[in-house]
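Engineer: Provide a 3D model corresponding to the input given below.
(one chain, ligands or ions: 2)
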Amino acid sequence: MKIINNEVDLKKIHIKDKFWSKYISLVKNEMIPYQWQVLNDEANIKIERERNDKNIPAEKSHAIENFKIAAGLKSGHHYGYVFQDSDVYKWLEAVSYSLTNEKDPELEKIADSVIDLIELAQEKDGYLDTYFTIDAPERKFKRLLESHELYCAGHFMEAAVAYYNATGKNKVLSIASKLADCICKCFGPEEGKIHGYDGHEEVEIGLAKLYVVTENKKYLEMSEYFLKQRGKDSDFLYEQLEKDINKEEIIKGMNTSEKKYFQVHKPVLDQDTAEGHAVRLVYMCTALADVAYLTKDAEMLAACKRLWTNITKKRMYVTGGIGSTVSGEAFTFDYDLPNDTMYCETCASVGLAFFAHNMLKSEPSSIYSNVLERSLYNSSISGMALDGKHFFYVNPLEVDPKASKYDPTKSHVKVTRPSWFGCACCPPNLARTLTSIGKYVYTVSNNTVYTHLYMANEAELSLNNSTILLKQETNYPWSGNIKISLKVDQTTNFTMAFRLPDWCHSYTIKLNGENVDYKISDGYAYITKDFKNSDLIEINLEMEIHEISANPHIKDDLGKVALQRGPLVYCLEESDNGDNLHLIKLTKDVKYECEYDPNLLGGIAKITCNAKKLIVSDNWNDDLYIADAKAPKYENKKITFIPYYSWANREIGEMKVWINKDI
Ligand code: FUB
Ligand code: ZN
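Structural biologist: Ligands and ions are numbered 1, 2, ... in the order given. This is a model prediction of the structure:
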C-alpha cells in the first residue's frame, strides 16, 4: 500500500518571509555553529543549571566527546545527562533542515563526520547509546524508567530521516535502520522480548518517520506497540527497577516519580486529561497522532482529540506554553495556570506545535492550526534571544528579578536567557523547529491545498493529477494582508482552503480583485474552482488589538487582560515602563495605538496606551497593613507593550503579560 503523506516536502517550499527568514538565518549562521562549539566544549561560556539543583551536570557538554569515547577513539567516561546524545541528534536534525533550505558543503562535511562518528559508536547489533556503551553495558534496556535509551534512539531516527531527505545519503539511514532493527528485536509482544516502553516518549515519533522513508512496516508496528503498551502494564517501569540488582540511580530522584509523570497511569487510549511531564505528554500525542494518521486508527485519533481538548481548553497558557509547575516539569490540574511559577518549557511548546501539525494531517481544523500558530509565534520563539546564542528553558508570563533571586521555589524562572543549560534539550529543539518551519505552512489532501500558516514563501505542491506553484506574499505577523498567486500549466480544478485565524473577526477574500464564493468549514474558507495560471487570491485579515480575558477559573488572571494583535501576545517590560508593573492598571476606556518601530528589538509593532499607576507612598508610609484605607490614588502613565517573544533582550527587569484592568 502506498504511504499517503500529506506533509509538504521541505525541499519544495522556500521561505521568503521577513519574520521567519531572520530566524532561519539566525539558526544557520549563529546557533548551529555556536551549538557545534558547545557540543565540542569549545565555546567560552558558562553553562547554567536550569534550576538550583546540584545534581544537574553543568561543567561542560561533552556530547561529542562521549561519542568519541564510545567509538573507541578516546578513553574516559561519559559525562552529562544520560540523554546527552540527543543534543547531538537534534543539532544534526537542525543542520539537515538548514541544508535543505540552503546548500552548504562545509556544514555538510561536518555533519558527515558526525555521522561517521555515530556509526563508529554504534555496536555490532545496532545498539546505540554512548552512556551505556561506555559506562554501563550490563544495564542496557534494564532501567527504562530513567535510561532514555529509546528516547535518544527516536531523536537519532528523526535526525537520520531529515539528513537523508536533505542529502539523499544512505549511510545515516542504514545506521538508523540497524538501530530500529535492534529495538524491534528486543521489544514487542513476542515471548522473550521486553513487553515495555521507554520512560520518555520519543522513539514512537522516530519510528513512524523512519517507516515513511524506508516503507518498512515493522517500524510503524513497533511505534504502535510502544504506544498501545504504555499504561497497559502500568507497573512495567517500576518492576524493571525492582529486578535490577544494581540499585544505583542513573538520574537522581526520578525513581520516585509517580505513574502520571510517565503517562503510564492508564492505557494511552483511555487517557483523557494531560498528565505528568509536559514534554513527554506532547511527544506521546505527536506520535499517537502520526500513527493514527498512518494507520487510519479511529480509536487512536479519538484519544488524541480528547487530550487535545483537555490541553487547549483547560491547561494551556495564552502564549501556547504548557506545564504549570516546575515539580516534574508537569501539568497540574484544570485551570491551574500560575504566571510566575509556571514551567512552559520551550520543548513543550514546540512539542505542542508538533502535535498540532500531526493532527492537521488527519483533520484540517483550525482548532489545531490556531494553536500551532499561537505556540510558534509566542512561547516557542521566546525560547531564543535575538542574538541566537542565548536561550530560555522556561518561558514565564510574569517575572520579578527579586523573586527569581530570593525565592528558591522560583530558581527556574530566569530573568535573562543563559548561554546554555546542563540539560540542553530546549535550544536544539527550537533550532530544528525553526529550520523546518516551512513544513507547517501547508498540507495537501486529495485535491485540496490547506494553508495553515501565513508567511511569505514559494511552494511547489502536488495535487492528484497536477503540480501547482504557489507564491505567498505578506508582511505577517505585522500585517494581515496576504497575496497568493498561482502558477499552473493549464486550468486545473482544485480546492484551496485558507485558515481563518481565531483572532480575526473581520476579513475579506478576493480572487483577481473580485469577491469570490467560498464555504467555511472548521475554521477554513474553501474555494473550489477551475484555477488558471496567474490567478491571484488576496486575503485581508483585519489585525485589531484584542484584549484577551481568561476563563474566571484561572485565578491568577481574574480582573486582568492580555493584549494580542494578530498571532502575537504582548507584554509589558520594565525597560519601557519602569518597575512595579503590578501597580499599572488599564482604564475602562483605554485606547491602544500600534506602530511599527524598525529600530526596536529587531523591528516590532509596539502597542502604546495611556494607563494609570497606583501611587503607593501617600497612603502607606512604612505600614504593611492598614485598616480602612482611603480610596487609592493613581498617576497617569503612558505605557508600551512589546511582543512577548521579544522580551528579555535588553536590561534585566520585570515583565508581565496579564495586566490589571478597570472593569
Ligand atoms: O528528559 C529529557 C528532557 O529533559 C525532557 O524532554 C525535558 O523536559 C528535560 O527534562
Ligand atoms: Zn527542553
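
Engineer: who touches stretch 478-488?
Structural biologist: Contacts to stretch 478-488, defined as C-beta atoms under 8 Å, 6 or more residues apart in numbering, come from residues 19, 451, 454, 466, 468-476, 496, 504, 507, 531-543, 566, 596, 605. For the C-beta atoms, the positions are set from N, CA and C on the backbone; glycine is no exception.

Engineer: with adjacent residues omitted, what lies nearest to M342?
Structural biologist: Distances taken as C-beta to C-beta, 6 or more residues apart in numbering put S324 closest to M342, at 5.6 Å, once the chain neighbours are dropped.

Engineer: next one: phi and psi at that neighbour?
Structural biologist: With angles defined as degrees, to the nearest 10, S324 sits at phi -100, psi -10.

Engineer: ok, it touching D340?
Structural biologist: No: in this structure S324 lies outside contact range of D340 using C-beta atoms under 8 Å: 11.4 Å.

Engineer: between the two, tell me which one has more neighbours.
Structural biologist: It is S324, of S324 and D340, that has more neighbours when counted by other C-beta atoms under 10 Å, with 22 against 17.

Engineer: list the contacts for Y34?
Structural biologist: Residues near Y34 by C-beta under 8 Å, 6+ apart: A43, G388, K389.

Engineer: circling back to that earlier point, the residue nearest to M342 and Y644, how far apart?
Structural biologist: 18 Å (C-beta to C-beta, to the nearest Å).

Engineer: next one: G206
Structural biologist: Using C-beta to C-beta, G206 is found at 31 Å from Y644.

Engineer: give me the buried positions along stretch 68-79.
Structural biologist: By neighbour count, and taking 16 or more other C-beta atoms under 10 Å as the criterion, the buried residues in stretch 68-79 are K68, I69, A70, A71, H78, Y79.

Engineer: what's the farthest-apart pair in these?
Structural biologist: Across those, the longest distance by C-beta to C-beta is 15.5 Å; it joins A71 and Y79.

Engineer: count the residues that sit near whatever residue of the stretch 551-663 of the chain ends up closest to ligand 2.
Structural biologist: Closest to ligand 2 within the stretch 551-663 of the chain is Y645: 16.8 Å, counting by C-beta to the ion. The number of residues packed near Y645 is 26, by other C-beta under 10 Å.

Engineer: tell me how far it lies from ligand 1.
Structural biologist: 20 Å (C-beta to the nearest ligand atom, to the nearest Å).

Engineer: tell me the SS of that residue?
Structural biologist: Three-state call for Y645 (DSSP: H, G, I helix; E, B strand; the rest coil): helix.

Engineer: contacts only, for it.
Structural biologist: Counted by C-beta under 8 Å, 6+ apart, Y645 has contacts Y377, N378, I381, S382, L568.

Engineer: just the pLDDT for it.
Structural biologist: With respect to pLDDT, Y645 has a value of 98.

Engineer: please apply the same query to the one 4 residues further on.
Structural biologist: Looking at N649, its pLDDT reads 98.

Engineer: wait, is it part of a helix?
Structural biologist: No: using three-state DSSP, the assignment for N649 is coil, not a helix.

Engineer: quick check, it in contact with A385.
Structural biologist: Yes: taking contacts as C-beta under 8 Å, N649 lies within contact range of A385: 5.8 Å.

Engineer: so which strand or helix has the residue of the chain found nearest ligand 1?
Structural biologist: Taking C-beta to the nearest ligand atom as the measure, the chain has V279 as its residue closest to ligand 1, at 3.7 Å. According to DSSP states H and E, V279 maps onto helix 278-295.

Engineer: what's K266 in contact with, if anything?
Structural biologist: G231, S234.

Engineer: pull up the per-residue confidence for it.
Structural biologist: As predicted, K266 sits at a pLDDT of 97.

Engineer: now it: phi and psi?
Structural biologist: Main-chain dihedrals, K266, degrees, to the nearest 10: phi -150, psi 160.

Engineer: would you mind measuring from it to Y476?
Structural biologist: K266 is 41 Å from Y476, by C-beta to C-beta.

Engineer: what do you get for K402?
Structural biologist: Distance, K402 to Y476, by C-beta to C-beta: 37 Å.

Engineer: out of those two, which sits in the busier spot?
Structural biologist: Y476 (24 against 12).

Engineer: in space, what's closest to that one - neighbours in sequence excluded?
Structural biologist: In space, Y476 is closest to Y454, 4.6 Å off (C-beta to C-beta, 6+ apart).

Engineer: and that neighbour, helix, strand or coil?
Structural biologist: Classification of Y454 by three-state DSSP places it in coil.

Engineer: phi, psi of it?
Structural biologist: Here is the backbone geometry of Y454 (degrees, to the nearest 10): phi -110, psi 120.

Engineer: what is the distance between the least confident helix or strand in the chain by mean pLDDT and the centre of its chain?
Structural biologist: Every helix and strand in the chain was compared by mean pLDDT, DSSP states H and E; the lowest is helix 617-620, with a mean of 74. How far helix 617-620 lies from its chain's middle: 45 Å, per C-alpha atoms, centre = their mean, to the nearest Å.

Engineer: touching ligand 1 at all, stretch 236-245?
Structural biologist: No: judged by C-beta under 6 Å from any ligand atom, stretch 236-245 and ligand 1 are separated, with a smallest distance of 13.9 Å.

Engineer: neighbouring contacts of that stretch?
Structural biologist: Residues contacting stretch 236-245 (C-beta under 8 Å, 6+ apart): 139, 142-145, 195-197, 199, 229, 255, 262, 264.

Engineer: please repeat the previous calculation with a cut-off of 6 Å.
Structural biologist: Applying C-beta atoms under 6 Å, 6 or more residues apart in numbering, the contact partners of stretch 236-245 are K142, R143, L145, G196, G199.

Engineer: any weak-confidence spans in this protein?
Structural biologist: Applying pLDDT under 70 to the chain flags the ranges 1-2, 4, 618.

Engineer: what does it have sitting close to ligand 1?
Structural biologist: Close to ligand 1, as judged by C-beta under 6 Å from any ligand atom, the chain has residues F83, H200, V279, E329, E345, C347, C423, C425.

Engineer: please indicate which of these are buried?
Structural biologist: Neighbour-count burial (16+ other C-beta under 10 Å) is assigned, among those, to F83, H200, V279, E329, E345, C347, C423, C425.

Engineer: possible to save those as TSV with distance to ligand 2 and secondary structure?
Structural biologist: Below are those laid out as TSV (distance: C-beta to the ion, whole Å; DSSP: H, G, I helix; E, B strand; the rest coil):
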residue	distance to ligand 2	secondary structure
F83	11	coil
H200	11	coil
V279	6	helix
E329	8	coil
E345	5	strand
C347	3	helix
C423	7	coil
C425	3	coil
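
Engineer: one step back: the residue of the stretch 551-663 of the chain closest to ligand 2 and M384, how far apart?
Structural biologist: Counting by C-beta to C-beta, the gap from Y645 to M384 is 9 Å.

Engineer: list the contacts for the closest residue to ligand 2 within the stretch 1-150 of the chain?
Structural biologist: Across the stretch 1-150 of the chain, the shortest distance to ligand 2 (C-beta to the ion) belongs to E50, at 8.4 Å. E50 is in contact with Y393, F421, C423, counting by C-beta under 6 Å, 6+ apart.

Engineer: tell me the domain ranges of the protein?
Structural biologist: Domain ranges of the chain: 13-440, 442-541, 546-661, per automatic domain parsing.

Engineer: and the last one, how far out from the chain middle?
Structural biologist: Meaning domain 546-661. Centroid separation between domain 546-661 and its chain, computed with C-alpha atoms, centre = their mean, is 27 Å.

Engineer: only the buried residues of the helix holding V279, if you could.
Structural biologist: The neighbour-count check on helix 278-295 (16+ other C-beta under 10 Å) flags 278-294 as buried.

Engineer: now it - C-alpha only, PDB.
Structural biologist: What follows is helix 278-295, C-alpha atoms only, in PDB (Å, rounded to 0.1, in the frame of the first residue of the first chain):
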ATOM      1  CA  ALA A 278       4.500  18.100  29.700                       C
ATOM      2  CA  VAL A 279       7.200  17.300  27.100                       C
ATOM      3  CA  ARG A 280       6.600  13.500  27.500                       C
ATOM      4  CA  LEU A 281       2.900  14.000  27.100                       C
ATOM      5  CA  VAL A 282       3.100  16.100  23.900                       C
ATOM      6  CA  TYR A 283       5.700  13.800  22.400                       C
ATOM      7  CA  MET A 284       3.300  10.900  23.100                       C
ATOM      8  CA  CYS A 285       0.500  12.800  21.500                       C
ATOM      9  CA  THR A 286       2.600  13.700  18.500                       C
ATOM     10  CA  ALA A 287       3.400  10.100  17.900                       C
ATOM     11  CA  LEU A 288      -0.200   9.000  18.500                       C
ATOM     12  CA  ALA A 289      -1.500  11.500  16.000                       C
ATOM     13  CA  ASP A 290       1.000  10.400  13.400                       C
ATOM     14  CA  VAL A 291       0.400   6.700  13.900                       C
ATOM     15  CA  ALA A 292      -3.400   7.400  13.900                       C
ATOM     16  CA  TYR A 293      -2.900   9.100  10.600                       C
ATOM     17  CA  LEU A 294      -0.700   6.500   9.000                       C
ATOM     18  CA  THR A 295      -2.800   3.500  10.200                       C
END
